[in-house]
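Visitor: here is the input, now give the coordinates:
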Amino acid sequence: MPNKDDFLYPRGRYYGQVKPENLVFNANLQEFAQKVSYICNLETAGKISPEEAYENIKDLWKSLKQAKKQLRIGENPFRMDDDGNQPE
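Guide: Next up is the predicted model:
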């Protein structure tokens, strides 16, 4: 019998570069997408106002952005420029 959490909170498989911070961010991103979907459905059904939906999604976006910053996603401290020097 399937677990109700698997139904309510489905998770997609991760195919990217396997690093702990990437896996954590992917989980955060999937959670963000699921919550945005719920908010959109509530707004479409008239259960919340468009303004409330916007504010909720904006708050979720800020949280996701903060998580990205904390996990240092997109940063490469060992990156070299074309001359073999580390950029400042």
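
Visitor: and residue 53, what element?
Guide: Assessed by DSSP states H and E, residue 53 sits inside helix 50-71.

Visitor: can you give me the buried ones in that helix?
Guide: Applying a neighbour-count criterion of 16 or more other C-beta atoms under 10 Å, one finds 53, 56, 57, 60, 64, 67, 68, 71 buried in helix 50-71. Any C-beta I mention is one placed from the backbone N, CA and C, and that applies to glycine too.

Visitor: contact partners for the spatially most central residue of the chain?
Guide: Most central in the chain under C-alpha atoms, centre = their mean is residue 29, positioned 2.0 Å from the mean C-alpha point. The contact partners of residue 29, by C-beta atoms under 8 Å, 6 or more residues apart in numbering, come to residue 64.

Visitor: now whichever helix or strand it is part of against helix 50-71, angle please.
Guide: Assigned by DSSP H and E, residue 29 belongs to helix 20-44. On the basis of axes from the mean of the first three to the mean of the last three C-alpha atoms, to 10 degrees, helix 20-44 is oriented at 180 degrees to helix 50-71.
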